[in-house]
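*Asks:* Dropping the sequence and predicted coords here.
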Amino acid sequence: MRVALIGSQDFGKATLEAFLDRGDQVVAVFCPPDNPKSSKPEVLKEATIARGLTPLQFPSLKDPEAAQAMIDAKADICVMAFVLQFVPQDLVKLPRFGTIQYHPSLLPKYRGPSAINWAIAMGEEKTGLTIFRPSDGLDEGAVILQKEVPIGPDDTLGKIYFDNLFPLGLKALLEAADLVVSGKQLELVQDESLANYEGWFDQNASQIHWGVHISQIYNIIRASNPAPGAWTASSGEKFQVFDVRKHIAATFGAIKGKPGQVTQIGDHSFFVACNGGQIEIQKAKLSGVKVTGAELAERLGLQVGQMLD
């Protein structure tokens, strides 16, 4: 089939390679313009050039030139994979069989840009991916197919995405494209009564509040690992927390210390009290440098009994 691709970053690159490697013809690749503030090139752009194709980098996909490029491509189908630009309906309807889009949640749940983070932070036991028809509403189009993925009690954002939703997403895009081009797809309207939208999982969302229950703290840390990184502070100096262990207190009376209090410093980690037990901090980052929990405690001059901010 003749495929037009709109995307960016590693998932966009992998999607490009997946269609090319199975013998499809990629006739247009739309990716964001180069970021003048970044020294890192756009991954999809570089992959497109490496495959002997010319990337299309329009400042806005609403430009008439973008629509003309899609018309000229004579694509059978357009595939949207990690899209950072607004894509108007005038553009998505141009290919012969329209456009399909990947989203890493079981729509209509967790619409928005940080779907995986929020599912983990909210304590969900499963998530998944959806291939759907993009509409003017954010993640609101008709569903073509979905795949479920369990969220284990200790799974992080990185594990769920890279081990599950990334590779499954590539297979699902290929499967959905085949269904659509062959006319065998079923398209189901999303149930708005089940819908929820969450914005970016930003610095506000990833802040650790030591006064809440240990399960909530643990979920926030898992949901932020590896990005954006859960954070807290000591005497006003911020640091990010990544690899941790959750130690549940057997009884209420067994809880050591006040919420946010350093209770133990070991050879590789340190412990912080919270409601319901203790969080053992094993890996962290201070001033952009990755350190063990024990190294962090030393650099910050932490003492047993000290309160984190």
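*Replies:* Done, it's in.

*Asks:* mind checking the end-to-end distance for stretch 267-278?
*Replies:* Across stretch 267-278, the terminal residues are separated by 17 Å (C-alpha to C-alpha, to the nearest Å).

*Asks:* so what's the residue nearest to residue 199 when sequence neighbours are not counted up against?
*Replies:* With sequence-adjacent residues excluded and distances taken as C-beta to C-beta, 6 or more residues apart in numbering, residue 199 is closest to residue 112, at 5.8 Å. Quick note: C-beta positions are derived from backbone N, CA and C, even for glycine. With contacts defined as C-beta atoms under 8 Å, 6 or more residues apart in numbering, residue 112 is in contact with 118, 138-139, 197-200.

*Asks:* Could you list the low-confidence segments of the stretch 51-200 of the chain?
*Replies:* Within the stretch 51-200 of the chain, the set of residues satisfying pLDDT under 70 is empty.

*Asks:* can we see that at 90?
*Replies:* Low-confidence segments of the stretch 51-200 of the chain, defined by pLDDT under 90, are located at 84, 136.

*Asks:* where along it do the strands fall?
*Replies:* Counting by DSSP state E, counting those that start in this stretch, residue ranges of the strands within the stretch 51-200 of the chain are 55-56, 77-81, 99-103, 126-132, 143-150.

*Asks:* Run through who's touching the first one.
*Replies:* Yep, that's strand 55-56 we're talking about. Strand 55-56 is touched from outside by 28-31, 42, 44-45, 48-49, 66, 69, with contacts defined as C-beta under 8 Å, 6+ apart.

*Asks:* Rank these by pLDDT and give me only the lowest.
*Replies:* Of all those, the one the model is least sure of by pLDDT is residue 42, with 92.

*Asks:* Run a quick neighbour tally on it.
*Replies:* If you count neighbours by other C-beta atoms under 10 Å, residue 42 ends up with 21.

*Asks:* show me what contacts it?
*Replies:* Residues touching residue 42, when contacts are defined by C-beta under 8 Å, 6+ apart, comprise 8-9, 31-32, 34-35, 55, 57.

*Asks:* May I ask which of the residues you listed has the most neighbours?
*Replies:* Greatest neighbour count in the contacts of residue 42, by other C-beta under 10 Å, goes to residue 31: 28 neighbours.

*Asks:* Please name the spatially closest residue to that residue (chain neighbours excluded).
*Replies:* Nearest residue to residue 31 in three dimensions, chain neighbours excluded: residue 44, at 4.4 Å (C-beta to C-beta, 6+ apart).
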